[in-house]
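# Next input, structure requested:
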Amino acid sequence: MISRRAPPPPRPPPPTHALRLRVARPRPAERAVGSAVGARGMASFAVSGARLGVVRPGGGGPARSGGERRSGVELPAPLFRRKDSFSRIILSCAGAPGKVLVPGGGSDDVLSSAEPDINAPAQPEESQIHEAKPVVQEKATSAPTEASAAVEAESKPESSEVIKGTGKTGIDKVTEGAKETTVEKKPRVIPPPGDGQRIYQIDPMLEGYRSHLDYRYSEYKRMRAAIDQHEGGLDAFSRGYEKMGFTRSAEGITYREWAPGAHSAALVGDFNNWNPNADTMTRDEYGVWEIFLPNNADGSPAIPHGSRVKIRMDTPSGVKDSISAWIKFSVQAPGEIPYNGIYYDPPEEEKYKFKHPQPKRPKSLRIYESHVGMSSPEPKINTYANFRDEVLPRIKRLGYNAVQIMAIQEHSYYASFGYHVTNFFAPSSRFGTPEDLKSLIDKAHELGLLVLMDIVHSHSSNNTLDGLNGFDGTDTHYFHGGPRGHHWMWDSRLFNYGSWEVLRFLLSNARWWLEEYKFDGFRFDGVTSMMYTHHGLQVSFTGNYGEYFGFATDVDAVVYLMLVNDLIHGLYPEAVAIGEDVSGMPTFCIPVQDGGVGFDYRLHMAVPDKWIELLKQSDESWKMGDIVHTLTNRRWLEKCVTYAESHDQALVGDKTIAFWLMDKDMYDFMALDRPSTPRIDRGIALHKMIRLVTMGLGGEGYLNFMGNEFGHPEWIDFPRGPQSLPNGSVIPGNNNSFDKCRRRFDLGDADYLRYRGMQEFDQAMQHLEEKYEFMTSEHQYVSRKHEEDKVIIFERGDLVFVFNFHWSNSYFDYRVGCLKPGKYKVVLDSDDGLFGGFSRLDHDAEYFTADWPHDNRPCSFSVYAPSRTAVVYALTED
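Modelled structure (predicted):
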């Protein structure tokens, strides 16, 4: 059990640069508990190079929770079976040993008076942090610069001492691709904080903001010390799911819930015929309600596996039934609107047992972004099992080494794209059971694929029926009170990252998915919204460092991100952490011990918007230098995952790159037995070139949303009914149709359609990177950005990329500069007939360099560069 400690003295005020905005805590808002929440579609809008969700009436994309809901997968009858009630033995928490520490009780001002005393001696830290490798001395600039030099590998300080409370050791043997590799077992240790000073060596421009950054790091160290002192370390603190919610022992079931605003509480469900008087709970002084249900006389658990459960509370807003915040599974019964929490504890023989080790993290990431529900060619909600059997082999064949899955956390409104989470620890029941999801992940590991989860810790559903909003009848339970606790654009609730129990909840949530389901890492959604009190809305980030380190920065949120990255990288060394940040926050991908936020990768969100901007212009207006600058405008030592188009562009009301290029011609002229059109020819050519130049120059990782590899011709429109707006008007729905909520993989596979060639090119592009690993090559150099010729030439590793974006000019004997002398051959040609091109190049030709300097390169060779083609040349040894 977790011990309690006395409250700490007030913390010192922050320096001017680091002052956090605070909103006075309002009185609990009166609300109609259980009122249905309206549904809205989502569109997209540009904020300094990003496409973020925006509420649009009638749209088919992400939306607030509530409104129209669809039944999930059919569940067996035991999930809803009833059991006669009988009296339970209640264990009182008050004054008993083994109570749960609940400092922070939801205060919105500063950490509550119940917060641990961080000035008391903390856990011992190692006496010396190993020095990181020296950084290449290079003058820093105030904004990201063009990456034309080799990127130094990140080095992290190692810990020589295990923090008290981290008891687990070892990582599994792993596989990479089809080849099994044994990884040396290492202790799973969360290293102690470093001095946080290396960031100033990496970027001297940060010196002017030292007061803010040092304060930020001191707050991080303060929280680490408090957690070490009062919780036994971050390892123990992040195992909240072992104490909270439903836990099973040999003697029975214990249920605990943090609900400080509730006046009384009782556990109700099928097991006691929903009788609120049968199993009342007791509250401790920290707001934790608890009950113990001993086993039945025959030794069976008091609550049968698969039965429905909720907590009934008398709250300041009235009596309400809520699903446990820590529930591991929830379902929507056929014909019902609210979800029900499910007591999920299958017998050992029914639990899925992982058979395959997790793959080792690859040097470069090629990510296939996917959504289980819409992954079928058929108009239906797909299942984990079908995704496992049908989609994973496709992803492997296409050459990707990671699959990123959206909408895993339960969300009551399907059209939210999974971003309005209601049950954070529960995998979505629409697609199957938790065991089905585990089977999916295990199969991916067998194929050598990493499985990344699109995790949402930036906000929570506004739904009061099924989610955390108003859980204990107050406005400030898990969230900030007042306007600061509401995201006006997303219509959702915003977490209070300064609350002790919110930290426990979110850190435990991240660990739960890594530990229980063997996910290989996360893509953290909406990080920009977390890090700033303005949430990145109606703000243009220009690169001025004052935009990142000032009054608008939410230091509590940044400290949470540092803590969760500590947790991920300490206990799961092979795990990947990707952050969706549009702002360009400096230090975002620098290790926490060095003073950074700690992510492995930043999503290079400016790239998709740049392509949309260009696609609205004529070909003559495209600037080669502008393209190169956008793709290479990255921070030193901070890795990026780049992508040509966002999943938001696939939503109804927006356009994918293929739609921008080919529009309605895609419906009539994609069959090979029909003549093409100039628009189709241009579209197919540029679609391939855009994707290759994005992968070639954009970063150390690449991401593609499912179906876009072959230019999926249809948008995503989630099933929805008619919608009434506040002004009285009604937006018609789509008759709850799934016709546009699927992925037509059959089009990419059809050898009689031009989509096949686009898919073949994407597959060849992935396998080229797999072979040459050019995205992470230390050698990167852009030698030509010719505006008149519309030509871009660059080197990555031993490859030379030649792009001719000119719409009509083909160039004979075009000289290409290169670093290394020797013989070059074509290894990828976008004009290949297999890829829907015109086969204008001889792939058997050999290209020998001459000692003829060109474009500041020591040697060069001549090529034929057809119009609208991209050709990759590789240095050969023979």
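# How much space separates T642 from M706?
To M706, T642 is 17 Å away according to Cβ to Cβ, to the nearest Å. Just so you know, the C-beta spots here come from the backbone N, C-alpha and C atoms, and that holds for glycine as well.
# Those two: which has the busier surroundings?
A count of neighbours by other Cβ atoms under 10 Å puts T642 above the other of T642 and M706, at 26 against 23.
# mind listing what the more buried one touches?
Applying Cβ atoms under 8 Å, 6 or more residues apart in numbering, one finds that T642 lies in contact with 604, 607, 631, 694-695, 698-699, 701-703.
# quick one: buried residues of the longest helix belonging to the chain?
The longest helix of the chain (DSSP state H) is helix 210-231. Across helix 210-231, burial judged by 16 or more other Cβ atoms under 10 Å covers 212-231.
# Adding secondary structure and distance to V564, write the contacts of T642 out as TSV.
Putting those into TSV (DSSP: H, G, I helix; E, B strand; the rest coil; distance: Cβ to Cβ, whole Å) gives the following:
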residue	secondary structure	distance to V564
H604	coil	22
V607	helix	26
L631	helix	29
T694	helix	29
M695	helix	29
G698	coil	26
G699	coil	22
G701	strand	20
Y702	strand	25
L703	strand	21
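# between those, which has the most around it?
L703 (30 neighbours).
# Bridge partners for it, pull those for me.
I367 (DSSP bridges).
# OK, contacts around it?
Taking Cβ under 8 Å, 6+ apart, we find L703 in contact with 365, 367-369, 404, 603, 641-643.
# how does it look with 7 Å?
For L703, the contact set (Cβ atoms under 7 Å, 6 or more residues apart in numbering) comprises 367, 369, 641, 643.
# How about S529?
S529 neighbours (Cβ under 7 Å, 6+ apart): 458-459, 487, 535-536.
# let's see 10 Å
Applying Cβ atoms under 10 Å, 6 or more residues apart in numbering, one finds that S529 lies in contact with 52-53, 458-459, 487, 489-490, 492, 494, 535-537, 554, 557, 580-582.
# element containing L507?
helix 500-516 (DSSP states H and E).
# Parallel or antiparallel, which strands does the helix or strand just after that helix pair with?
Per DSSP H and E, the first helix or strand lying C-terminal to helix 500-516 is strand 521-524. Under the criterion DSSP bridges, strand 521-524 sits next to strand 450-455 (parallel), strand 576-579 (parallel) in its sheet.
# taking the mean pLDDT, what do you get for the following helix or strand past strand 521-524?
Where DSSP H and E defines the elements, the next helix or strand beyond strand 521-524 is helix 527-531. Mean pLDDT, helix 527-531: 97.
# average pLDDT for stretch 210-220?
97.
# CA-only coordinates of it in PDB, if you can.
The C-alpha coordinates for stretch 210-220 follow below in PDB (Å, rounded to 0.1, in the frame of the first residue of the first chain):
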ATOM      1  CA  ARG A 210      17.600  30.500 -19.000                       C
ATOM      2  CA  SER A 211      15.400  31.700 -16.200                       C
ATOM      3  CA  HIS A 212      12.300  30.100 -17.700                       C
ATOM      4  CA  LEU A 213      14.100  26.900 -18.700                       C
ATOM      5  CA  ASP A 214      15.900  26.500 -15.400                       C
ATOM      6  CA  TYR A 215      12.600  27.100 -13.600                       C
ATOM      7  CA  ARG A 216      11.000  24.500 -15.800                       C
ATOM      8  CA  TYR A 217      13.700  22.000 -15.000                       C
ATOM      9  CA  SER A 218      13.500  22.800 -11.300                       C
ATOM     10  CA  GLU A 219       9.800  22.100 -11.300                       C
ATOM     11  CA  TYR A 220      10.500  18.800 -13.000                       C
END
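# what residue is smack in the middle of this structure?
Nearest residue to the geometric centre of the chain (Cα atoms, centre = their mean): R523, 2.1 Å.
# I367 is in contact with that one, correct?
Yes: counting by Cβ atoms under 10 Å, R523 sits close enough to I367 to count as a contact (8.3 Å).
# Now the common contact residues for the two.
Common contact partners of R523 and I367 (Cβ under 10 Å, 6+ apart): 404, 452, 576, 578, 601, 641, 703.
# residue contacts, D581?
50, 524, 526-531, 536, 541, 561, 588-589, 597, 599, 602-605.
# I'd like the distance between the closest residue in space to it that isn't next to it in sequence and R602.
Spatially, and ignoring its direct neighbours in sequence, D581 is nearest to V527 (4.7 Å; Cβ to Cβ, 6 or more residues apart in numbering). Using Cβ to Cβ, we find V527 at a distance of 9 Å from R602.
# okay, and the common contacts of these two?
Counting by Cβ under 10 Å, 6+ apart, the residues touching both V527 and R602 are 578-583, 585, 588.
# which one of these is nearest N469?
E580 (22.7 Å; Cβ to Cβ).
# Provide a list of residues in contact with the residue nearest to that closest one when sequence neighbours are not counted.
With sequence-adjacent residues excluded and distances taken as Cβ to Cβ, 6+ apart, E580 is closest to L603, at 4.8 Å. Applying Cβ under 10 Å, 6+ apart to L603 gives the contacts 50, 523-525, 527, 578-582, 640-643, 646, 699, 701, 703.
# Distance check, L603 against G699.
L603 sits 9 Å away from G699, going by Cβ to Cβ.
# so what sits against both of the two?
Here L603 and G699 have 640-643 as joint contacts, going by Cβ under 10 Å, 6+ apart.
# Can I get the buried ones among the residues you listed as something I can paste into ChimeraX?
The following ChimeraX line selects those of these that are buried, judged by 16+ other Cβ under 10 Å:
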select :640,641,642,643
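# Identify, from the shared contacts of L603 and G699, the entry nearest to N382.
Y643 (22.8 Å).
# Show the contacting residues for the closest one.
367, 369, 603-605, 607-608, 611, 691, 694-695, 698-699, 701-705, 708.
# Show me how far the longest helix of the chain is from its chain's centre.
25 Å (Cα atoms, centre = their mean, to the nearest Å).
# for Y343, what are its contacts?
79, 245-246, 248, 253, 255, 269-271, 301-309, 324, 327-329.
# Show me which of those residues are buried.
Neighbour counting by 16+ other Cβ under 10 Å classes 79, 245-246, 253, 255, 269-271, 301-309, 324, 327-329 among these as buried.
# okay but G470 is in contact with S460, surely?
No: counting by Cβ under 10 Å, no contact exists between G470 and S460, whose distance comes to 11.0 Å.
# and those two? which has more neighbours close in?
Set G470 next to S460 and count neighbours by other Cβ under 10 Å: G470 wins out with 28 against 24.
# does that one count as helix, strand or coil?
At G470 the chain is in coil, as set by DSSP: H, G, I helix; E, B strand; the rest coil.
# Alright, calling it a day.
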